[in-house]
Structure formats: C-alpha cells, structure tokens
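Trainee: what shape does this take:
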Amino acid sequence: MSESNKWKSKLLSSSVPMEYEVSQILVSKDFSTDVDFSYTRVDSGLEKDFSVDLRANSYITNKNGGIQAVIELLVECKYRHPSNKWLFFEDPNDSGFSPFTLGHTLRAVDDFSWQFFPRNATVSFDKNNCFCIKGVEVDISSGGVHDSEIRHGLLQLQYALPRLLTDRISFEIHHPEDENTPFFFCPILLTTSPILAASPGVKISTVEGADKLEDFSKVVPWVVVHSDLTPEFERHMITECAELSKIADESWVRELDKLREAKGEYKYRLPLEQLKMLSGQKSGRPFEYFSQTIVCSLEHFPRLLQEIKRTTKSAANRLKEHAPKR
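Mentor: Here you go, the predicted structure:
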C-alpha cells in the first residue's frame, strides 16, 4: 500500500466505517441506534469505563399501532483484514449435557410485565443455530492463528448486558399495566470475516491432512457461542444491577408480584425473586440472561435481523394474560 493510502487501512481498522454501515442496516430494519453503550468494570483492581459499539432498539406494534414489546440489541463490530477467517468448533456434548439452552440466545423477558409470553417463546430461533464452544481467527496470508479479538468481543458484550438489563427493567417496571411492555434482548458480535464451523468429529489428523480450512469446515452465516459466568462476572453483575435492589420492596412491585403469582407464575420467576437474584440479595446463577452470544458475519446481518424480527413478532402476537402451562 502506498504511503498516501495508509490512512485508508487505519480508518477501516478503527471499525468506525463498519459501525456506520451497521447503523444504516439497523435503521433500514426499523431500529433506532446509539453509539458507545458504556458500562463500568473493575480491571486490575481499578474501576474503568468500557463500551460496546452500538445499542439498537425497535418496537413491536399491533395493527392499531400499540406497543406490544421492545427489542434491545447490543452490537460489537470487528473489522478484520480480508485474509482473515473466523473458525469455530461445535459443541460436542449431547443435548442433555450441553451448556447451551434453546431459547436463551434471543432472550424473551416478561418477568417484570403484566403479560406473559407463550412458553418457549424464542426456542424456534435456536432450532437451526450452530452452537459452538470455541473460536479462533485464522490469517490465511500470514499463517497467524489467535483468539484475542473474538474473546475480547465476547467479553465486551457479556459485561455490558447487566447494565442493559438493569436499564430496561427499571424503565418498564415503573410503568402501569397499560404502559408496561415485555422485552427481548440479544448480544451480537459482528465481523467482516467469513465464519466457518468445523465439521463434527474433527481431529488433529484431520487438520494435518487438510490443504485449506474448507477441507474440514463449512461457511455459516452465524454461530452461537457460550460464555461461562465466572466469579468475576458475577461480582460485576451484582454491582451493575445493584439499583434493582432499591426497587424490590416498593409497593407497586409487590402488587405486580402478587398478580403474576395469582395468574400461575412459578415462584422463582416472580419479579421480586428475579430482582433479588440479579442484585445479589439471593443466590443464583442467571445463565439465561448472560451466557449465549451470536457471532455473525456482516454479509448475513440483514438476514439475522429478519429472523430476530420474525421470532419476536410471533411471540408478541401471542402474549397472554395468564402464565402458559409448563
């Protein structure tokens, strides 16, 4: 690259042009966007500010224009060199022992609402997803293999989720029944690199005998990756969700609690129980909120948004006044 064009590589590597392109895609799909969704995290013993590139939300409305539900997305953008490919390895576990749970990728949250989503509201979204436990970035031109950018992006999103969840719960739970809405949320790590999923059963010998990545993998539009809830993350969650403990004992929250229990909700899913668990007043590991992240290639992002819209609209159209039968 000539000296006069070095700025182009630096500008693209900043991911700012990518973020702007992604914002335009989101707006074209009826989302509104904001940049640099920030949160505070303890790093090396010090509190530091971090951010996720984009926060996007969209309203699901009925035929009369009334708001049925809200979709919240957090999107972290990773512009990579054209020679880079992201290779992921599928979860080898049987379904009964897998860390993944169907319906936990695109989260449907009605715990703080006066209405109930249908049972397994977003399971259909996960039916055809590829669940992966690990990913690496492979530079075809240089031969470099590393996972730092992928791990960094996944952590950025996971650590931003408690603040997003706290903001959404605090906003909705302060509204009366006719203004309160359930919501969906989902973290997305977006890359310009193609995404490949290794074939099940890949071994060392498989890689040794391969001439190229595609000999033992296939291109997929996106994968779902699991992130464990570490003790450090749980401490972070409790700190970010601390304000939820302040509203747990307010009279109108107790009223919602009683109403949902009377309508058939399980005790552990009641608003007070969830508020106490998230803010650390009650033990529990809320895997359903923070453990699964979508990693998607930019090329397929519009299709992903289409699938999110389809799934959430179907669930919102089936909101009920009573808890669905389990």
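Trainee: Arg107 reaches Cys186, doesn't it?
Mentor: Yes: between Arg107 and Cys186 there is a contact at 6.6 Å, judged by CB atoms under 8 Å. Just so you know, the C-beta spots here come from the backbone N, C-alpha and C atoms, and that holds for glycine as well.
Trainee: could you confirm Pro302 falls within a helix?
Mentor: Yes: applying DSSP: H, G, I helix; E, B strand; the rest coil, one finds Pro302 inside a helix.
Trainee: and it, what is it in contact with?
Mentor: With contacts defined as CB atoms under 8 Å, 6 or more residues apart in numbering, the neighbours of Pro302 are 25, 28-29.
Trainee: rerun at 7 Å
Mentor: Counting by CB atoms under 7 Å, 6 or more residues apart in numbering, Pro302 touches Ile25.
Trainee: what about it, distance to Val70?
Mentor: Using CB to CB, to the nearest Å, one obtains 21 Å as the distance from Pro302 to Val70.
Trainee: same check on Gly135?
Mentor: Gly135 is 30 Å from Val70, by CB to CB.
Trainee: so which residues of the stretch 51-200 of the chain form strands?
Mentor: Using DSSP state E, counting those that start in this stretch, the strands of the stretch 51-200 of the chain run over 67-78, 84-90, 107-109, 131-139, 145-146, 183-191, 195-198.
Trainee: just the terminal-to-terminal distance for stretch 272-287.
Mentor: Its start and end residues considered, stretch 272-287 measures 18 Å (CA to CA, to the nearest Å).
Trainee: how about stretch 35-53?
Mentor: 6 Å.
Trainee: starting at the chain centroid, how far to that stretch?
Mentor: 17 Å (CA atoms, centre = their mean, to the nearest Å).
Trainee: likewise stretch 99-109?
Mentor: That offset, for stretch 99-109, works out to 9 Å (CA atoms, centre = their mean).
Trainee: can you tell me what sits against that stretch?
Mentor: 91, 117, 120-123, 125-126, 129, 131, 182-186, 224, 226, 287-289, 291-292, 294, 308, 311, 315.
Trainee: out of those residues, which end up buried?
Mentor: The neighbour-count test (16 or more other CB atoms under 10 Å) marks 91, 117, 121-123, 125-126, 129, 131, 182-186, 224, 226, 287, 289, 291-292, 294, 308, 311, 315 as buried among those.
Trainee: centroid residue for the protein?
Mentor: Pro187 (2.1 Å; CA atoms, centre = their mean).
Trainee: which residues of the stretch 201-326 of the chain fall in helices?
Mentor: All helices of the stretch 201-326 of the chain, identified by DSSP state H, counting those that start in this stretch, fall at 204-208, 231-240, 242-247, 251-262, 271-278, 287-290, 301-316.
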